[in-house]
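Enquirer: the sequence and its predicted three-dimensional model are supplied below.
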Amino acid sequence: MKKDAHFYVVLAVSRACGFKKESAHRLAYASQFVDDAKINLIYLQNHGLKEGLDNLDDRPAFFNIATCHSYFKVDTFNYEAMVNNTSAFHFVPGCKGKTFTKKLRCREESPIILDILQDALQEDNPIILGLVLHPYADTFAHQGFSGLLSKVNAIKNCRVENELSAKLQMRILNLFCNLWSDKFERYLNKILPAYGHAQALDFPDLPYLVWSHEYDPSDDFRGYRKRIIVDNRERYLRAFKKIKEHLEYYLSLHPQHRDEKISFSQFDLFWDALIYKGKDQARIRNWQKLLLELGLFSEEDKALWTYDDSTWLRKAFVNYNFERFHNRRVEDAQCVENFKSTDWYHFIMAVKWYKRKFYHYSQKHQLSFPS
C-alpha cells in the first residue's frame, strides 16, 4: 500500500470513527512513517533520557530502529534488514506451510499480526496502534509474497486484467509479457530479484487494480504454475472495513481520544474513494478534498491533514536537515529540550515494542528465525 492508504485512509477513517484531530493525525502519521523511517542507527549528542537508549561504542544511541530500507540498493539485501524491516513490517509471515520458506509467505491477517494488534489495542498510545495498522493492512495487500529474498516471490506472467485502470506503462508491460515473455522475464529477474513484490512492480499497491500472475504453490518448488487473479479493490475494502472495526473498539477502550462532536455515517464515500482510479498524487488530492468537504478537518488544520515525512524529525532535533537525517546512520544528533515528549521518540519506542512482540509471537506460532 502507498501513502494514500497508509496515511490518508487511516486518517479519514479514524477521524470519522470519532478520534480527536490530534490523535487521528498521530495514528495516521505513525502508519505511514513505517514506510519512511530509514534511520537504523542514530548517535545522540544530548538526550536527558534514563531509559530506551542503546549504548554503542560508549556513546548514547538508538540502534535497530529502521522500519524500511531501500529495496534497490545491493547493500540492503542482508538477512538482518530483510527480517527486522521487510518481514516484520511489510510482509508479516503467515506461518502456514511445511517449510521455513513457505511459512514466511505473507498471509491476510497473519496470526502474528493479529496477536500484536490485540496487544496494541490495549495500549493507550495512538502511535503504537498506527504503527501496527501498517503491517496489518499490508497483510491484505502483500499476501502471497515473502519479506526475504526467496523463490516464493519468483512469479511469472504478471499482467493487468481490468483495462480501464491500466496506465500506458502497464499496457506496455503487458505487450512485452505477451509477445516476448521468456526474454522479458529473464531480463526482469536480472534487474528485479525475487524480493517482496518487486517482480509484481507496484501492482499490489494500487487499490483500484485487478491483476494476475502465476506462482508455484508447491512446498518443494517443483515448477508447477498456478494462475491467480488478484482484485485489489476487494482486498483493500476488506482491510479498511476491518480497520474501522478495530478503531471503534480502540475508542471504546480509550475514550479519552474521542471527539464527542463527531457523528459520521457516510463511510460509503470512503470506500468509493479508496478504490478511486488515478495516479498516486491524484488519489491523495482526492482524499484531501474529501476530508475538508466532509468537515473532518478545516483549512486551518492543514498540518494535520497533510503528510511530510520530515515533520516528526524536525520537531525532535535542533540540528535537523534533510541530508543529515535521511540516511541509515546519523551522527551527533542534537535533541530538543523536550525530546522525551516528541512524537519521533514515541515512534522509536513503538518500533522497539513492536520488534519484541514480532519475535515473541513468531516463536509462539512455531516460526524461529535463524540467528
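Expert: Structure received. In this text, all values refer to a predicted model and were calculated from it rather than measured experimentally.

Enquirer: my read is that residue 317 contacts residue 332, right?
Expert: No - contact between residue 317 and residue 332 fails when scored by CB atoms under 8 Å: they sit 10.1 Å apart. (C-beta placed from N, C-alpha, C; glycine too.)

Enquirer: dump the residue contacts of the nearest residue to residue 262 once chain neighbours are set aside.
Expert: With CB to CB, 6 or more residues apart in numbering as the criterion, residue 262 has its nearest non-adjacent residue at 4.6 Å, and that residue is residue 18. Contacts for residue 18 were tallied using CB atoms under 8 Å, 6 or more residues apart in numbering; they are 248, 251, 258-260, 262, 264.

Enquirer: 7 Å - rerun?
Expert: Residue 18 makes contacts with 251, 258-259, 262, as judged by CB atoms under 7 Å, 6 or more residues apart in numbering.

Enquirer: need the worst-confidence member of these.
Expert: Within the set of the contacts of residue 18, pLDDT is lowest for residue 262 (93).

Enquirer: that one: what secondary structure?
Expert: Under the three-state scheme (DSSP: H, G, I helix; E, B strand; the rest coil), the conformation of residue 262 reads as coil.

Enquirer: quick check, residue 120 in a helix?
Expert: Yes - using three-state DSSP, the assignment for residue 120 is a helix.

Enquirer: tell me the pLDDT of it.
Expert: pLDDT, the model's per-residue confidence, is 98 for residue 120.

Enquirer: circling back to that earlier point, of the contacts of residue 18, closest to residue 356?
Expert: residue 251 (25.8 Å; CB to CB).

Enquirer: residues in contact with the helix or strand hosting that closest one: which ones?
Expert: Here residue 251 sits within helix 232-253, counting by DSSP states H and E. Outside helix 232-253, the residues within contact range by CB under 7 Å, 6+ apart are 5, 9, 13-14, 17-19, 117, 121, 129, 133, 137, 140-141, 204, 206-210, 257-258, 267, 271, 274-275.

Enquirer: and those, which are buried?
Expert: Burial of the contacts of helix 232-253 was assessed by neighbour count (16 or more other CB atoms under 10 Å); the buried members are 5, 9, 13-14, 17-19, 117, 121, 129, 133, 137, 140-141, 204, 206-210, 257-258, 271, 274-275.
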